[in-house]
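# no sequence on this one, just coordinates:
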């Protein structure tokens, strides 16, 4: 990026995360659920920014990854702590 700061990533170093599951390799149900999850965040923004961001997301959707992170390493449950990255 030639020293430029990515407006979406900022300067955070994401290199420690696993690659995750690629959208284009998900089942149609998983793809639909990921879209719904992303819309939860994007639709909470101001309309003009949300529309631009959503257009960018959909342009690059096939190269989008979903990563589930569980610090304990155990299989996640409905009560375990977790985070995810899209």
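Yep, that arrived. This one's a predicted model, so the numbers in the text were calculated from it and none came from an experiment.
# helices and strands around the lengthiest strand in the chain, which ones?
If you go by DSSP state E, the chain has its longest strand at strand 65-69. Counting contacts by 3 or more CB pairs under 8 Å, 6 or more residues apart in numbering; DSSP states H and E, strand 65-69 packs against strand 21-22, strand 83-85. Just so you know, the C-beta spots here come from the backbone N, C-alpha and C atoms, and that holds for glycine as well.
# tell me what the longest one is packed against?
When you say that, I think you mean strand 83-85. strand 65-69.
# neighbouring strands for the strand it packs on, and are they parallel or not?
strand 21-22 (antiparallel), strand 83-85 (antiparallel) (DSSP bridges).
# wait, which of those is closest to residue 32?
Evaluated over the strands paired with strand 65-69, closeness to residue 32 peaks at strand 21-22, with 14.1 Å, by CB to CB.
# now do that closest one, average pLDDT.
Mean pLDDT, computed over strand 21-22, is 89.
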